[in-house]
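Trainee: Whatever this is, show me its structure:
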Amino acid sequence: MTDDQLAEVPLAAIAAVRKMVAEGLVRQIREDAGLTQADIARKVGVGRSAVSQWEKARRIPSGRHSIKYAMAMAECLAVAEGMGEE
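Mentor: From the prediction side, this is the model:
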């Protein structure tokens with residue numbers, strides 16, 4: 001992901017992901033999309049343990065990771081919604 005692409009991510013998307021992390025919703029969203037923590041970690045560029053910490057709300061992603069995580073979670077939501085339409 002380029003810096004230009006990162007700059008285009010709305011701050012509202014990042015705030016929404018941080019709220020989902022705080023409310024403990026991200027694990028369910030990821031699982032509904034059929035993805036593993038390792039899948040998300042690869043998309044974000046972190047280790048699986050970082051994703052685990054985020055899902056448990058022990059840590060909140062920051063900086064570039066926050067943006068990439070927001071985008072990965074948006075993909076998860078889109079996949080999960082698409083599965084529900086079948």
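Trainee: Determine the longest helix present in the chain.
Mentor: What stands out as the longest helix in the chain, according to DSSP state H, is helix 63-84.
Trainee: Could you list every helix and strand in contact with that one?
Mentor: helix 3-7, helix 11-23, helix 26-32, helix 37-44 (3 or more C-beta pairs under 8 Å, 6 or more residues apart in numbering; DSSP states H and E). Heads up, the C-betas are built off the backbone N, CA and C, glycines and all.
Trainee: And residue 10, what's its pLDDT?
Mentor: Predicted confidence (pLDDT) for residue 10: 68.
Trainee: in this structure, which ranges drop under the pLDDT threshold?
Mentor: In the predicted model, the chain carries pLDDT under 70 at residues 1-10, 13, 22, 83-86.
Trainee: can you rerun that using 50?
Mentor: Where the chain drops to pLDDT under 50, the residues are 86.
Trainee: Wait, residue 21 touches residue 60, no?
Mentor: Yes - under the criterion of C-beta atoms under 8 Å, residue 21 makes contact with residue 60 at 5.4 Å.
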